[in-house]
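Participant: Below is the sequence, then the predicted model.
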Amino acid sequence: MSKEDAWWRDAVIYQIYPRSFRDANGDGEGDLAGIIEGLPYVASLGVDAIWLSPIYRSPNNDGFYDVADPRDIDPLFGTLADAELLIKEAHECGLKVIFDIIPNHFSSAHVWFQAALAAEASSPERARFHFYDGKGENGELPPNNWNSLFTGSAWSRTDDGQYYLHLFDSSQPDLNWDNPEVHADFEKTLHFWLGRGIDGFRIDVSHGLVKENILVDHRDPDLLTKALRIDTKDVTAEQRAELLSDMPFFDRDGVHEIYRAWRKIFNGYKNRMTVGEAFVYPTSRLAHYVRPDELHQIFNFDFLLIEWNAEKIRESASRVISELSTVGAPPTWALNNHDSPRLVSRLGSVKKARALALLTAALPGSLYIYQGEELGLPDGDMPLSARRDPIALRSQGADLGRDGCRVPLPWDEHAENFGFTSGSPWLPQMAGYGDYAIASEVRDPESSLNFYKRTLKIRHDHPALGGEGSITFLDTKPGILGFTRVPGLIVFANTTDEQALIPIEAQSLLHQSGDGVSFAADLLTLPAHTTVWLQR
Ligand code: NOJ
């Protein structure tokens, strides 16, 4: 495989959350024309590709992850012609383009689901979803006791008394992948977009398509729901391992047949890639998704939650790298995304966030950056009445959901709504976000933005960085992480509150996440919460 064929193996991929990126038409919601306007900015970061969260026609009950027509663009974002223009312009800026695809469910507004509602029990229309009669004397109980990941039952009842399954919102009915029509429709969608020149797909809930034992109650659905929250503190590691390694609706072996068929489609085009979203346990099961005849990449979500702790980082990184190497797949790294807290807020410190970002960028494989991460944006906060995430709405605020990390990007500290929109933004803009505006960070040599740009430039140019070359972890004192990459790169991170003195023969300082790093007589002085890249 040539470097161009395998561009994705060590690519830096910038995630755009289209609603919150840039609004060109003043309706308060980001759009494709806004993304096109912002492409020079994204290209200036030194990334290889953009991944767009969904832009398809949707009633937008779950941030467009409720798709009513996967082969058309939602009018809020623009038109099919705008999407084609975006693909072309991105390519002209040297950026590959990855779209989301959402095969676990459709929106209840999709014509198939509307037809299913109008049809009878046991009809072919209903067989595209999971429709069942209820239990109990009058069918008044759902067919099983599974919970929705968004709170409440995973079943909703239709007017004629049957229930349908939805692992997410009630407006996101799960598709029945035992039905060949479902396969055929998704294959059509893949060709539709690949034929329009996109370079890959991010596959939503890629581990969820196949369900088993649908009519059997789970032994402890509430505990399972807790175990499924990636940031759960309510279950022990042992409980989690036990619950997640044997559950009926995620990570079933049958799902791999689907990706084997998809890979054949991808292989029919040039240089295309897929990245699956999957929360599986144990993480060694991630490797199943990236066997040579399945997907190209799989998200590793460990780092979305990783503590700023050298031992934990080392354990996680070395485990993930070695698990994926068993199938020859490159690892992926993501420190935040549209579903999880922003890095700076999670670690509670800009210093730690930069230090973690710098060490992550030195790991082998592919790096994902979520829009605004490069600005050091913290999470936003807003009252329940302003929240839009179905998690917040379904739980009536018991869980505030994901709107905090979806607040629109600040472009210009002097403009109305910091340049995101001339209208009224769909989520309230945060007063403090002016300090993080792109225009102001561009001017400040010490800004997070310029730190990310320097990092990506060195990662791109240095022969030891990016790539998949080997990594060797060093024996270090507690709280210090050290590793080398060939040729000639040494990385140290100090996750403690104290300055560290590290004996090391190195020639020069390539890059550092904070001030105060120095060398003298082969002794490195590494301040607290700082990462350094050294040249041997
Ligand atoms: C994962 C997506 O990232 C998330 O935003 C969405 O709510 C669920 N899948 C359901 O599609």
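Facilitator: Great, that's in hand.
Participant: contacts and neighbour counts: CA atoms only from here.
Facilitator: Noted.
Participant: Alpha carbons only: can I get the helix or strand containing Ile87 in PDB?
Facilitator: With elements taken from DSSP states H and E, the one containing Ile87 is helix 80-92. Extracted C-alpha coordinates of helix 80-92, given in PDB (Å, rounded to 0.1, in the frame of the first residue of the first chain):
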ATOM      1  CA  LEU A  80     -26.800  18.600  -2.400                       C
ATOM      2  CA  ALA A  81     -25.100  21.100  -4.700                       C
ATOM      3  CA  ASP A  82     -23.600  22.800  -1.600                       C
ATOM      4  CA  ALA A  83     -22.300  19.400  -0.400                       C
ATOM      5  CA  GLU A  84     -20.700  18.700  -3.800                       C
ATOM      6  CA  LEU A  85     -19.100  22.100  -3.700                       C
ATOM      7  CA  LEU A  86     -17.800  21.600  -0.200                       C
ATOM      8  CA  ILE A  87     -16.200  18.300  -1.200                       C
ATOM      9  CA  LYS A  88     -14.600  20.000  -4.200                       C
ATOM     10  CA  GLU A  89     -13.400  23.000  -2.300                       C
ATOM     11  CA  ALA A  90     -12.000  20.900   0.600                       C
ATOM     12  CA  HIS A  91     -10.100  18.800  -1.900                       C
ATOM     13  CA  GLU A  92      -8.700  22.000  -3.400                       C
END
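Participant: Just after that helix, pick out the following helix or strand.
Facilitator: strand 96-101.
Participant: Are that following strand and the ligand in contact anywhere?
Facilitator: No: shown here: strand 96-101 not in contact with the ligand (Cα under 6 Å from any ligand atom), separated by at least 9.3 Å.
Participant: right, and the helix or strand after the stretch of helix or strand Ala355 belongs to?
Facilitator: Using DSSP H and E, Ala355 sits in helix 350-361. Later in the chain than helix 350-361, the nearest helix or strand by DSSP H and E is strand 366-370.
Participant: Partner strands of that next one, with direction?
Facilitator: If you go by DSSP bridges, strand 366-370 pairs up with strand 12-16 (parallel), strand 332-334 (parallel).
Participant: what mean pLDDT does that strand have?
Facilitator: What strand 366-370 shows for mean pLDDT is 98.
Participant: re earlier: counting contacts, what elements does the helix holding Ala355 pack onto?
Facilitator: Counting contacts by 3 or more Cα pairs under 8 Å, 6 or more residues apart in numbering; DSSP states H and E, helix 350-361 packs against helix 343-347, helix 448-461, strand 489-494, strand 530-535.
Participant: chain center to that helix: distance?
Facilitator: The chain centroid and the centroid of helix 350-361 are separated by 18 Å under Cα atoms, centre = their mean, to the nearest Å.
Participant: tell me the average confidence for that helix?
Facilitator: The pLDDT scores in helix 350-361 average 98.
Participant: for stretch 398-414, same thing?
Facilitator: 96.
Participant: Kindly report the same for stretch 315-327.
Facilitator: Per-residue scores along stretch 315-327 average to 96.
Participant: Might you enumerate the residues of the stretch 251-400 of the chain proximal to the ligand?
Facilitator: Counting by Cα under 6 Å from any ligand atom, the stretch 251-400 of the chain comes close to the ligand at Asp339.
Participant: In the stretch 251-400 of the chain, what residue lies closest to the ligand?
Facilitator: Taking Cα to the nearest ligand atom as the measure, the stretch 251-400 of the chain has Asp339 as its residue closest to the ligand, at 5.5 Å.
Participant: Confirm that residue sits in a strand?
Facilitator: No: under DSSP: H, G, I helix; E, B strand; the rest coil, Asp339 sits outside any strand and is assigned coil.
Participant: For it, what are phi and psi?
Facilitator: With angles defined as degrees, to the nearest 10, Asp339 sits at phi -110, psi 0.
Participant: Tell me where the stretch 251-400 of the chain has helices.
Facilitator: 255-267, 286-289, 302-305, 310-325, 343-347, 350-361, 390-394 (DSSP state H, counting those that start in this stretch).
Participant: Which strands and helices lie in contact with the fifth one?
Facilitator: With contacts defined as 3+ Cα pairs under 8 Å, 6+ apart, helix 343-347 has these neighbours: helix 350-361.
Participant: Put the alpha carbons of the helix it packs on into PDB.
Facilitator: The C-alpha coordinates for helix 350-361 follow below in PDB (Å, rounded to 0.1, in the frame of the first residue of the first chain):
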ATOM      1  CA  VAL A 350      -5.000  24.500  30.200                       C
ATOM      2  CA  LYS A 351      -1.500  23.400  31.200                       C
ATOM      3  CA  LYS A 352      -2.500  19.800  31.600                       C
ATOM      4  CA  ALA A 353      -4.600  19.900  28.500                       C
ATOM      5  CA  ARG A 354      -1.700  21.100  26.400                       C
ATOM      6  CA  ALA A 355       0.600  18.500  28.000                       C
ATOM      7  CA  LEU A 356      -1.800  15.700  27.200                       C
ATOM      8  CA  ALA A 357      -2.400  16.900  23.700                       C
ATOM      9  CA  LEU A 358       1.300  17.100  23.000                       C
ATOM     10  CA  LEU A 359       2.100  13.600  24.200                       C
ATOM     11  CA  THR A 360      -0.900  12.200  22.400                       C
ATOM     12  CA  ALA A 361       0.300  13.800  19.100                       C
END
